[in-house]
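K.L.:
Next one to model:
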Amino acid sequence: MTIIIIDYGAGNIANVMKAIASTGLSAKLSHDSSEILAADGVVLPGVGAYGAAMSALKERHLIGPLQAYAKSGKPLLGVCLGMQLLFERSTEFGETAGLGIIPGDVVTLPQQQGYKVPQMGWNQNQVRQLNPITSTLNDTYTYFVHSFYVQTAPKYIAATVDYGQIEIPSVVVNDSGNVIGAQFHPEKSGKDGLLVWQSFKEMVDDK
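P.N.:
Numbers count the residues shown, from 1 in each chain. Purely as a prediction, here's the structure:
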């Protein structure tokens with residue numbers, strides 16, 4: 001089984017690769033479209049700004065292959081900014097079109113008394129629908145660092161966390177169930193985060 005981590009200049013790749021390797025899977029960093037389309041599973045990581053990330057994906061001719069891979073039925077996991085890129089658009093620094101794999105928008109976290117932006121630290125997940133990634137997540141704490149969050153229809157929301165008055169989707173899923181996004185960083189979330197990577201491995205094994 002081969003897992004491709006999308007190579008477009010995103011940070012924190014070493015930790016992602018180490019976490020995936022801990023499950024026994026072989027992970028490779030690549031921006032080669034043929035390798036991506038042939039992969040057993042794909043991980044789209046990301047930190048930083050939405051517009052810069054989409055520009056990097058476009059420059060490396062990765063938008064079409066990612067959209068095609070999502071339609072293939074094979075597992076694709078977006079992490080943090082990588083999750084947000086799965087959606088149709090973001091309002092960060094103006095409007096930027098995303099991959100459009102899942103309907104919805106990425107908008108700024110509003111200022112709330114007693115709650116800092118970005119959300120940075122541990123927060124407790126509440127599962128809204130079961131899928132391979134959420135099967136071990138209910139009531140568990142995972143690690144978040146983000147200033148923007150996804151607004152989408154309930155059917156695409158698999159888990160949430162509360163941040164003040166805002167219910168933030170922490171895990172999202174597409175209609176087919178093969179594309180899943182995690183707003184938190186599984187590779188920074190201790191043993192519960194490692195279980196997320198193990199669940200992703202099981203998704204790959206099942207395909």
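K.L.:
In this structure, mark out all the strands, start to finish.
P.N.:
Taking DSSP state E to define them, one finds strands in the chain at 2-6, 26-30, 41-44, 76-79, 89-90, 96-97, 105-108, 119-124, 126-127, 141-146, 148-151, 157-163, 166-173, 179-182.
K.L.:
Turn those into CSV, including mean pLDDT and mean neighbour count.
P.N.:
(Each C-beta comes from the backbone N, C-alpha and C, glycine too.) Shown next, in CSV, are the strands of the chain (pLDDT from 0 to 100; neighbours: other Cβ atoms under 10 Å):
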stretch, mean pLDDT, mean neighbour count
strand 2-6, 94, 23
strand 26-30, 92, 16
strand 41-44, 97, 26
strand 76-79, 97, 28
strand 89-90, 97, 20
strand 96-97, 96, 16
strand 105-108, 97, 17
strand 119-124, 98, 15
strand 126-127, 98, 17
strand 141-146, 97, 20
strand 148-151, 98, 20
strand 157-163, 98, 21
strand 166-173, 98, 22
strand 179-182, 98, 27
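K.L.:
Of all those strands, which one comes closest to E59?
P.N.:
For E59, the closest of these is strand 2-6, at 12.9 Å, according to Cβ to Cβ.
K.L.:
Any chance of CSV for the strands of the chain, columns distance to Y50?
P.N.:
Converted to CSV, the strands of the chain look like this (distance: least, Cβ to Cβ, whole Å):
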stretch, distance to Y50
strand 2-6, 15
strand 26-30, 21
strand 41-44, 13
strand 76-79, 12
strand 89-90, 4
strand 96-97, 5
strand 105-108, 6
strand 119-124, 16
strand 126-127, 26
strand 141-146, 11
strand 148-151, 7
strand 157-163, 19
strand 166-173, 15
strand 179-182, 14
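K.L.:
I would like the residues contacting stretch 103-121, please.
P.N.:
Outside stretch 103-121, the residues that touch it by Cβ atoms under 8 Å, 6 or more residues apart in numbering are 50, 84, 87-92, 98, 143-153, 156, 163-166, 168, 172.
K.L.:
Can I get it in CSV, CA atoms only?
P.N.:
C-alpha atoms of stretch 103-121 as CSV (Å, rounded to 0.1, in the frame of the first residue of the first chain):
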residue,chain,number,x,y,z
PRO,A,103,-19.8,22.3,-0.9
GLY,A,104,-19.2,25.1,1.6
ASP,A,105,-17.2,28.2,2.5
VAL,A,106,-14.2,28.9,4.7
VAL,A,107,-14.7,32.0,6.8
THR,A,108,-12.9,33.8,9.6
LEU,A,109,-13.5,32.9,13.2
PRO,A,110,-15.4,35.9,14.8
GLN,A,111,-14.0,37.7,17.8
GLN,A,112,-15.6,36.5,21.0
GLN,A,113,-15.0,37.7,24.5
GLY,A,114,-12.7,35.3,26.3
TYR,A,115,-11.8,33.4,23.1
LYS,A,116,-8.7,34.2,21.1
VAL,A,117,-8.3,34.0,17.4
PRO,A,118,-6.6,31.8,16.3
GLN,A,119,-8.0,28.9,18.2
MET,A,120,-4.8,27.4,19.4
GLY,A,121,-4.8,24.3,21.7
